[in-house]
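In: kindly return the folded structure for what I paste below:
(one chain, ligands or ions: 1)
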Amino acid sequence: MSDYTVRTLRPDEHRAAVDLFRSTLHVAATTDETWKIVERAQQPGRTLGAFDTELIGTARSFDAEITLPGGARAGAAGVTGVGVRPDRTRRGVLTELMRAQLTDIASRGLPFAVLRASEGVIYNRFGYGVTTRSRGYEIDRRRAVLRPDVPAGGQVELWPLDTALERLPGLYAALPHTRPGMMTRPPYWWPGWERHAREATSPVLTAVHHGEDGPDGYVVYRVERKHWNDPAVLEVISLHTGTDEAFNGLWRYLLGVDLVDTLRAGERPVDEPVELLFTDIRAVTDTGGGDELWLRLVDVPAALAARAYEGEPVVLDVVDPVLDANSRRYHVSPDGARRTEAAADLRLGVDALAMIYLGAWRPSQLAAAGRIQPANPAALERADRLFATPVPAWCGTHF
Ligand SMILES: CC(=O)SCCNC(=O)CCNC(=O)[C@H](O)C(C)(C)COP(=O)(O)OP(=O)(O)OC[C@H]1O[C@@H](n2cnc3c(N)ncnc32)[C@H](O)[C@@H]1OP(=O)(O)O
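Out: Numbering: from 1, shown residues only. Sure thing, here's the model as predicted:
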């Protein structure tokens, strides 16, 4: 029996929830100035609070869309701000918040929920699985000589922060989603970006690439240098391009920024071909990668039906520990997905389904690790082909 209640918070309670969340991350409460920005990131009706005598836990979300294999977009709740007061942890508060939040997301008809996890051990039990992976890399500027055959690229225009705040939402929205896993950035997403940019310890700049048809990519970056004669690092905060020309042109620009020794980019697509730009392929070194976006199929039949497939059918027996209506068998094929009573080829948890859904892992890899149970091992090869994606999934949006 729980001795706390969970309910949706009123807007006048949002700041307490944000401050509670920050305290669980060991970050100070919002100042009045910070709250002026962060307040705009709170979508009404999307913050839950757990109470005993007072607020002890919280979780919130904002409504967005995610790109699926085949190019369709579908509704996804961007879950964030999850925290439980340290003197109330490990007694089921998060479990109750997650159950209430998933039920609410399902009732609003969103087929997906997504999040970025603070730790890898928390969210599988609620049906989330790692669905995109990313890579970080570092470029030694002195070694990074562009090959002569790298196309020149178009004009690059520099925007100061206030211009970027005004124009980037429109530019990001206009760029194509070139990979599954990419997300829309609704108005509730941008204040978080603004806060990070305003609180950065050096100026945050945006370089916009102009192709023949107008702006087709941008990079947000800043340069950090502790003392005037210390090595300087250019940190790529965000890089989104709609054309190869923009990708090449923006890297050409970044490599031309003066007083920089190293260029560092984190959370990039695992197959981003940046090395191919340089005469010395070893100008680029990997700085590590890991899990990026975690996905939850909230409405499994709708989610399975929404993406494109290639190959031959499989029957999945899906087990969902939280939303029981999803625990069914599904026939999945290039013609779509539907419920079936046919015998299952593969049995898997809804978290494992999220791990194959955007192609981050092959079903046969999860089966080898014991995370998918094949009733019919021959079906694994079919499932590998069915769920494969032409390009690795990547999100590129932090929240
Ligand atoms: C999307 C985001 O916002 S990510 C940010 C998540 N928040 C943080 O990391 C802030 C710091 N941590 C916290 O606030 C809390 O520890 C939380 C929110 C992670 C967990 O809250 P709790 O109320 O303790 O979780 P709850 O009691 O419901 O735990 C459910 C199960 O998960 C396990 N669990 C929860 N958190 C952790 C953890 N950090 N490490 C290991 N196990 C955990 C519990 O042991 C429990 O297991 P059981 O069901 O086998 O008994």
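In: is it true that residue 62 lies in a helix?
Out: No: Residue 62 sits outside any helix when classified using DSSP: H, G, I helix; E, B strand; the rest coil, being strand.
In: show me what contacts the nearest residue to it once chain neighbours are set aside?
Out: Once flanking residues are discounted, residue 62 sits nearest to residue 188: 4.0 Å by C-beta to C-beta, 6 or more residues apart in numbering. C-beta coordinates here come from the backbone N, C-alpha and C atoms, glycine included. With contact set as C-beta atoms under 8 Å, 6 or more residues apart in numbering, residue 188 has these partners: 40, 41, 42, 43, 62, 63.
In: tell me how far the third one lies from residue 58.
Out: It refers to residue 42. 11 Å (C-beta to C-beta, to the nearest Å).
In: so which of these two has more stuff around it?
Out: residue 58 (28 against 21; other C-beta atoms under 10 Å).
In: so for the more buried one, what pLDDT did the model give?
Out: pLDDT recorded at residue 58 is 98.
In: what about the nearest residue to it once chain neighbours are set aside, helix or strand, and which?
Out: Distances taken as C-beta to C-beta, 6+ apart place residue 17 nearest to residue 58, at 4.1 Å, with adjacent residues excluded. Element membership for residue 17, per DSSP states H and E: helix 14-24.
In: for that helix, name the packing helices and strands.
Out: helix 32-38, strand 47-51, strand 55-67, strand 73-84 (3 or more C-beta pairs under 8 Å, 6 or more residues apart in numbering; DSSP states H and E).
In: and of these, who's closest to residue 128?
Out: Closest to residue 128 of the helices and strands packed on helix 14-24 is strand 73-84 (C-beta to C-beta; 8.6 Å).
In: so where do the strands sit in the stretch 251-399 of the chain?
Out: Secondary structure of the stretch 251-399 of the chain (DSSP state E, counting those that start in this stretch): strands at 262-269, 284-291, 294-297, 314-319, 329-333, 336-339, 346-349, 372-374.
In: out of the helices and strands packed on helix 14-24, nearest to residue 9?
Out: Closest among the helices and strands packed on helix 14-24, using C-beta to C-beta: strand 47-51, at 4.5 Å.
In: tell me the contacts of the residue of the stretch 251-399 of the chain found nearest the ligand?
Out: For the stretch 251-399 of the chain, the residue closest to the ligand is residue 294, as judged by C-beta to the nearest ligand atom, at 8.0 Å. When contacts are counted by C-beta under 8 Å, 6+ apart, residue 294 touches 114, 115, 116, 117, 123, 128, 129, 130, 131, 354.
In: need phi/psi at the fourth one.
Out: In other words, residue 117. When read as degrees, to the nearest 10, the backbone of residue 117 gives phi -100, psi 140.
In: before we move on, what about the fifth one?
Out: The phi/psi pair for residue 123 (degrees, to the nearest 10) reads phi -100, psi -10.
In: so it sits right up against residue 117, yeah?
Out: Yes: shown here, residue 123 and residue 117 form a contact pair, counting by C-beta atoms under 8 Å, at 5.4 Å.
In: the more surrounded of these two?
Out: residue 123 (23 against 17).
In: get me the contact residues on this structure for the ligand.
Out: With C-beta under 6 Å from any ligand atom as the criterion, the chain meets the ligand at residues 24-25, 79-84, 89-95, 115, 117-119, 121-122, 125.
In: restricted to buried residues, select the residues you listed in ChimeraX.
Out: Of these, the buried ones go into a single ChimeraX selection, burial set by 16 or more other C-beta atoms under 10 Å:
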select :24,79,80,81,82,83,84,93,94,115,117
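In: okay, the most far-flung residue of the chain relative to its centre and the ligand: tell me how far apart.
Out: Most distant residue from the mean C-alpha position of the chain: residue 229, 36.6 Å away (C-alpha atoms, centre = their mean). Separation of residue 229 from the ligand (C-beta to the nearest ligand atom, to the nearest Å): 39 Å.
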